[in-house]
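Participant: One predicted model, sequence on top.
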Amino acid sequence: MSELIDVILERLQTFFDPKTLGTQLVDFMINLVVALITFATFYLAWIIIRLLLNRFLPKSRFDKTSQAFIKTILQYTILLLGLVNALSVMGVDTAGLLASLGIVGITIGFAARDAFSNLISGILIFLDRPFVIGDLVEVGENYGRVSQITLRSTRIITGDGKMLAVPNAEIINKTVTSYTNFPHLRLDVEVTVGVNEKIEKVRQILFEVIQEDPDYLQEPPARVVITQLNDYNVALELQVWIKDERIHIEKRFELREKIFNDLTEKQIEMPLETIQLTPLTVNMAQGQLPEKMNE
């Protein structure tokens, strides 16, 4: 590192030498212009390649996730080559510079370990492919559709239109629930009825709710199961498969509303747990408390 500083100081002294300042300045400006043209050439090459990729990749066998990964890798590679060549034109020994920056790179690496972790995690997501662009996923408390996968983060569009940029390292270290890996998705809707209600009657009402809806599958068949028994109610769960996972959110809301309306119309009791509180009466005029409180 000290050798690099010595070289920089020596070049600065030579550059600002009054005897050679004019010549050095002209050479520097020429090299600077050539370096800018060199980098601009690589940048223009990337723009042309990107246009070609946008035209031909959608017709290839690669899915959207692979296409995005290919574009990102090519972009960083081409622009990095452009930067290295531009520095070479300026007279910078890029090989020596990279070697000299090794120790600095290690120091920066510790400071930027989170960014590096996200980078590696982005590559692992592409290789492992727990989800792809367009999938409906749940990562921790984040739920929505994957719109973009970059080397730093994964972009998720939520049901209310928000865009979440979730760091890739966070995704790698959490359980990812995908709702799109299979063509169909099962909806589970829970309802509670009174203990005196006939389960078979309630089951028939729930089946009638989904019977005429073409969005639900006949096979596998829907079923109603008991999930919990209490002193005051019985918890039932309607399990039904839908044809298109993309509509499962709105179908869930719709199904809950239909179930509630039908059970109410058929006068099915849907009690909730209640706690009865008896107020404590104190005769303040006589200054007396209940016997148990005096003990």
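Facilitator: Noted; the coordinates are in hand.
Participant: how about the helices in the stretch 1-150 of the chain?
Facilitator: 2-15, 21-56, 64-89, 94-111, 113-128 (DSSP state H, counting those that start in this stretch).
Participant: Comparing these, which yields the minimum mean pLDDT?
Facilitator: For the helices of the stretch 1-150 of the chain, mean pLDDT drops lowest on helix 94-111, to a mean of 54.
Participant: got the domain boundaries for the protein?
Facilitator: Following the assignment in automatic domain parsing, the chain carries domains at 2-111, 130-178, 185-265.
Participant: With distance to Leu124 as added columns, please give those in TSV.
Facilitator: The way it works is simple: take the backbone N, C-alpha and C, and place the C-beta from them, glycine included. Converted to TSV, the domains of the chain look like this (distance: least, C-beta to C-beta, whole Å):
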stretch	distance to Leu124
domain 2-111	12
domain 130-178	6
domain 185-265	25
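Participant: Let me know which of the ones you listed is tucked in deepest.
Facilitator: domain 130-178 (a mean of 16; mean count of other C-beta atoms under 10 Å).
Participant: how distant is that one from the center of its chain?
Facilitator: Relative to its chain's centre, domain 130-178 lies at 2 Å (C-alpha atoms, centre = their mean, to the nearest Å).
Participant: measure that domain end to end?
Facilitator: Across domain 130-178, the terminal residues are separated by 8 Å (C-alpha to C-alpha, to the nearest Å).
Participant: can you tell me which residues contact Arg223?
Facilitator: Leu238, Gln239 (C-beta atoms under 8 Å, 6 or more residues apart in numbering).
Participant: What's opposite it in the beta bridge?
Facilitator: Gln239 (DSSP bridges).
Participant: For it, give its distance to Gln211.
Facilitator: 14 Å (C-beta to C-beta, to the nearest Å).
Participant: so where's the stretch 151-295 of the chain shaky on pLDDT?
Facilitator: The stretch 151-295 of the chain contains residues with pLDDT under 70 at 181, 183, 272-295.
Participant: repeat that with 80
Facilitator: 159-160, 179-184, 212, 231, 244-249, 271-295 (pLDDT under 80).
Participant: Show me where it has its helices.
Facilitator: So, for the stretch 151-295 of the chain - with DSSP H, counting those that start in this stretch - the helices run 168-172, 199-211, 248-265, 291-294.
Participant: Got the phi and psi for the spatially closest residue to Lys174 that is not a sequence neighbour?
Facilitator: Of all residues not flanking Lys174 in the chain, Gly140 sits nearest, at 5.2 Å (C-beta to C-beta, 6 or more residues apart in numbering). Backbone geometry at Gly140, expressed as degrees, to the nearest 10, gives phi 60, psi -120.
Participant: cool, and Pro214?
Facilitator: phi -70, psi -10.
Participant: if I look at the residue lying closest to Leu206 once chain neighbours are set aside, how far off is Arg223?
Facilitator: Sequence neighbours aside, Leu238 is the residue nearest to Leu206 in space, at 4.9 Å (criterion: C-beta to C-beta, 6+ apart). Distance, Leu238 to Arg223, by C-beta to C-beta: 8 Å.
Participant: Val33 now?
Facilitator: Val33 is 75 Å from Arg223, by C-beta to C-beta.
Participant: dump the residue contacts of Gly75.
Facilitator: In this structure residue 75 is Gln, not Gly. With C-beta under 8 Å, 6+ apart, Gln75 has these contacts: Trp46, Arg50.
Participant: Adding distance to Met90, write the helices of the stretch 151-295 of the chain out as TSV.
Facilitator: Output for the helices of the stretch 151-295 of the chain, formatted as TSV (distance: least, C-beta to C-beta, whole Å):
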stretch	distance to Met90
helix 168-172	35
helix 199-211	71
helix 248-265	56
helix 291-294	90
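Participant: so which of the ones you listed gets nearest Phe39?
Facilitator: For Phe39, the closest of the helices of the stretch 151-295 of the chain is helix 168-172, at 28.8 Å, according to C-beta to C-beta.
Participant: other SSEs contacting the closest one?
Facilitator: helix 113-128, strand 153-157 (3 or more C-beta pairs under 8 Å, 6 or more residues apart in numbering; DSSP states H and E).
Participant: Just checking: what are the partner strands of the last one?
Facilitator: Strand 153-157 pairs in its sheet with strand 142-149 (antiparallel), strand 163-167 (antiparallel), by DSSP bridges.
Participant: Cheers, nothing more for now.
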